[in-house]
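Enquirer: okay, predicted coordinates and the sequence, questions at the end:
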Amino acid sequence: MAIKIEVDGKNYEVKKGKLLDVLIDLGFDIPHLCYHKAIGSYGACRLCLVEVKENGDGWRIVTSCSTDVKEGMKVRTKSQRIWELRKGVVELLANHTSSEIVKELASLYKIEVKGDKKCVLCGLCVNVCNLIGISAISFENRGVERRVNAPFGIPTEFCVGCLACTNLCPTGAIRFENGKLMVGDRVLSEHKLLRCVRCGKEVLTERHYEKLGVKDILCENCKRLMQAEKYFNSKQL
Amino acid sequence: MLDKLKEKGIDELYGDRIAVGTSTCGVAAGALEVLEVLALDDTKNVVEVGCLGFCSAEPLVYVQEDGKAALVYRNVKKTEKIEEAEILGWFYPWEFSPLKLEHPELEGYRECPRLIEHPFYRKQVKIVLRNCGIIEPLSINQYVAMGGYCALQKVLEKKPEDVVEEVKKSGLRGRGGAGFPTGLKWEIARKNEGEKYVICNADEGDPGAYMDRSVLEGDPFSVIEGMTIGAYAIGAELGFVYVRNEYPLAVKRIEKVIEIAKKYGFLGKNIMNTDFSFDIHVVRGAGAFVCGEETALIASIEGYIGEPRIRPPYPAEKGLWGKPTVINNVETWANISPIILNGWKFFASLGTEKSKGTKVFSLVGKVKNSGLIEVPMGISLREVVEEIGMAENVKAVQTGGPTGGCVPKNLMDVAVDYEELTKLGSIMGSGGMVVLDNATCMVDVAKYFLEFSKIESCGKCVPCRLGLAEMVDIIERITKGEGSLNDLEELERLADVVANTSLCGFGKTAPNPLLTTLRYFKEEYEEHIKGVCLAGICRALVRYRIVEDKCTGCGLCKLNCPADAIEEVDEVYKIDDKKCIKCGSCFNVCKFEAVERW
């Protein structure tokens, strides 16, 4: 059933769900780093702030990633207050981190980027790892010391090398290089890479191969070629 | 069964006994040594009790003999006979409790004052602390004799929804800090279906605050009785006490009373021979401050890192393992059975329009009488600080723990009430009350609390993690005399961002010490920017010198200097600025005011 909401003075009919998803679908530009539809709300980056008004209450500042849309809800995405607060959060990120996405956000608010680290601690890597049932990496330490690491700082063998983390990372802080999963200079996990039996290209990690339980190791390209060969051979018959 | 226990308890409570307060505060003051000496006399019945609240008078010992009331001795030393110690006053063991209790008549003392007339006790109204210091904490007989488990018995004959209604009408609000109406929380959880839990939040971590510890150590049964009533009301069969491991005595006591309560059928299967079953587990916290935040506490019980989660959904809807969970703190739970026994009207008659009942505070800092006090809501801060605490030269009162604010002396007439304190920029918090006198530097106070919050921030959300760190950097600069007026604006802006965008209540309130000191003591910040710390606390801004004319050459300063920075030159002493660490020891010890701070 359609839900009627008002965003920045205009009326819309939307489906139920998280306000952030709804706003993005409607074409609003709401910055966010820690939210992913498949993972759900985590509430760490505090960038998707909007003002919301329900029933007779006054305007409240909420993170849209954690707010469900409700009938009659009024939303402000571009108010002065939101701009101030969001700028404040971006500034904190720009003072301590530097990545393409942070640079982009900072330029919107005309802020100089002074940080050097890439990781913004959005938690997507840790959360996706947890969600798919591997839980190989997590956060360590508190406050400004907080960082992503393998348990006890020792490269973990629980990581299968599926690379869901590197795919979701918004800043490129977590990366896979030469068989090593890394954040900054910390090695989270080490892997033996297996090659495509046809062309010899490195395809996947040994632990991922065992986990998947597939027969032959083939790269994407070779799989396609083999399928094509099969098709042509069958036509000739 | 209650009658039998009560009978035994009355005999124990009002018979001859010498009671020593051996809660952590008493132990720190030397109560165990006193106990050891007293116990040498086999003819006496020497018992251990919890804390009577008056910490600056510890070790406290009271004597009940020959059908007379209890005579309290203060600051008892192990080397002296008890009769030689100073008398604090006398009291009837039942007189602090708001409950109607059966007791034999005891004779009072004419020659010395009553305890309830002592300035420290005169304005107190005890509900939560009714049994603390009176009963032996592990004695179920004595707990029952003081009205214990009568409330549970009464509740088990009622409908659960009526119990919720009673608590709702009483106007009790969560004593952990936020002040959410307890009855409403219970009602929400009650309406949700399925498996449910109750949790007691005993992760008290505010510096200088120890209300919950004292209740767990002095009257642990009242907490588990409250939880059992709560569980019955919402329909839970399992509860958890989350207590920090730094409270070893509290952990021990709560574990022990759970065992005892099970043995007597007040906990476990078929409680008091009814269909209702309820069990409690103790979970020990590893000491992260933020685990006192309810969602972080729940995460910690589940075995995850103790970090706050997004609310809503609130725990009463989806809490522990996603099930409806009522989480209240120790003090809230301890309020439950008196509300049930005396009725909601009794509780609602105390306090202000929106804040009912009493509140326990730990009154510490620059006060003559320090300790745990329980006062009706609505009492003025001035009465608490000046009449109960007998503080002099007060500059401000810091309420609400490290994320609370400083209320200046001229606003101390404010009523102690959730809304009133919030209006002044402070919070009720869980009940820390630190009195600051004129020798205090308010910028240093703000720096201390901000540093505390920076270290204890879990680091999950950006503003709390990075914003607090930047605020600490700026305020450190100011205390070194390197700040500018722009820094004050920047501090206010950062505080606004942190307070309004942080994920949990901790980050939202963490800027309070800064905001209130900036609001009420802005001139001190401006002085620091000019390079002056009038209180002489900020080391980078003070220097010490010895005035030759006043120096008698006694050498006391040199003797006390930890940095070896004072030397004798021609029978007077001089401070070597290069070696001086500006600790102020010389300034404090000089009997001739020859050391100057400038």
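Expert: Right, received. Where do you want to start?
Enquirer: next, count neighbours for B:E353.
Expert: For B:E353, the neighbour count with other CB atoms under 10 Å in any protein chain shown is 10. From N, CA and C alone the C-beta is placed, and that goes for glycine too.
Enquirer: likewise B:V414?
Expert: Neighbour count of B:V414, defined by other CB under 10 Å: 17.
Enquirer: that one reaches B:G425, doesn't it?
Expert: No - applying CB atoms under 8 Å, one finds B:V414 not in contact with B:G425, separated by 11.1 Å.
Enquirer: next helix or strand past the helix or strand hosting B:Y62?
Expert: Assigned by DSSP states H and E, B:Y62 belongs to strand B:61-64. Scanning forward in sequence from strand B:61-64 by DSSP H and E, the next helix or strand is strand B:70-74.
Enquirer: rounded mean pLDDT for that following strand, please.
Expert: Average pLDDT, strand B:70-74: 96.
Enquirer: quick one: residues in contact with the helix or strand just after that strand.
Expert: Going down the chain from strand B:70-74, the next helix or strand is strand B:86-91, by DSSP H and E. By CB atoms under 8 Å, 6 or more residues apart in numbering or on different chains, the residues outside strand B:86-91 that reach it are B:54, B:57, B:60, B:62, B:69-75, B:108-109, B:112-118, B:121.
Enquirer: quick one: strand B:86-91 to strand B:70-74, angle?
Expert: Between strand B:86-91 and strand B:70-74, the angle comes out at 150 degrees (axes from the mean of the first three to the mean of the last three CA atoms, to 10 degrees).
Enquirer: quick one: contacts for B:L156?
Expert: Residues in contact with B:L156 (CB under 8 Å, 6+ apart) are B:232, B:271-272, B:274, B:276.
Enquirer: can you list those in TSV and add pLDDT?
Expert: Below are those laid out as TSV (pLDDT from 0 to 100):
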residue	pLDDT
B:Y232	98
B:I271	97
B:M272	96
B:T274	96
B:F276	97
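Enquirer: among these, the buried ones, what's the ChimeraX command?
Expert: Under the burial definition 16 or more other CB atoms under 10 Å in any protein chain shown, those of the contacts of B:L156 that qualify are selected in ChimeraX by:
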select /B:232,271,272,276
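Enquirer: widest-spaced pair of the contacts of B:L156?
Expert: The largest separation in the contacts of B:L156, counting by CB to CB, is between B:Y232 and B:M272 at 10.5 Å.
Enquirer: identify the contacts common to these two.
Expert: Common contact partners of B:Y232 and B:M272 (CB under 8 Å, 6+ apart): B:152, B:156.
Enquirer: list the buried residues in stretch B:471-490.
Expert: B:471-472, B:474-476, B:478-479, B:481, B:483, B:487-488.
Enquirer: one more: stretch B:110-127?
Expert: Judged by neighbour count using 16+ other CB under 10 Å, the buried positions of stretch B:110-127 are B:114-116, B:118, B:120-121, B:123-127.
Enquirer: gap between the two ends of that stretch?
Expert: Using CA to CA, to the nearest Å, the end-to-end distance of stretch B:110-127 comes to 28 Å.
Enquirer: equivalent analysis for stretch B:426-443, please.
Expert: 16 Å.
Enquirer: how's chain A carved up into domains?
Expert: Here the domain assignment for chain A is A:3-78, A:124-191, A:195-236, based on automatic domain parsing.
Enquirer: returning to what we had before: relative to chain A, which of the buried residues of stretch B:110-127 is nearest.
Expert: Proximity of those to chain A was ranked by CB to the nearest CB; the top entry is B:I127 with 34.0 Å.
Enquirer: where's the closest one, which helix or strand?
Expert: Going by DSSP H and E, B:I127 is not in any helix or strand.
Enquirer: looking at it now. What's its pLDDT?
Expert: On pLDDT, B:I127 comes in at 97.
Enquirer: please apply the same query to B:E596.
Expert: Per the predicted model, pLDDT is 89 at B:E596.
Enquirer: gap between it and B:V542?
Expert: 10 Å (CB to CB, to the nearest Å).
Enquirer: which one of these two has more residues nearby?
Expert: Higher neighbour count among B:E596 and B:V542: B:V542, with 18 against 14, using other CB under 10 Å.
Enquirer: residue contacts, that one?
Expert: Residues counted as contacts of B:V542 (CB under 8 Å, 6+ apart) are B:533, B:536, B:582, B:584, B:597-598.
Enquirer: is B:E476 in contact with B:K447, as I believe?
Expert: Yes - judged on CB under 8 Å, B:E476 makes contact with B:K447 at a distance of 6.7 Å.
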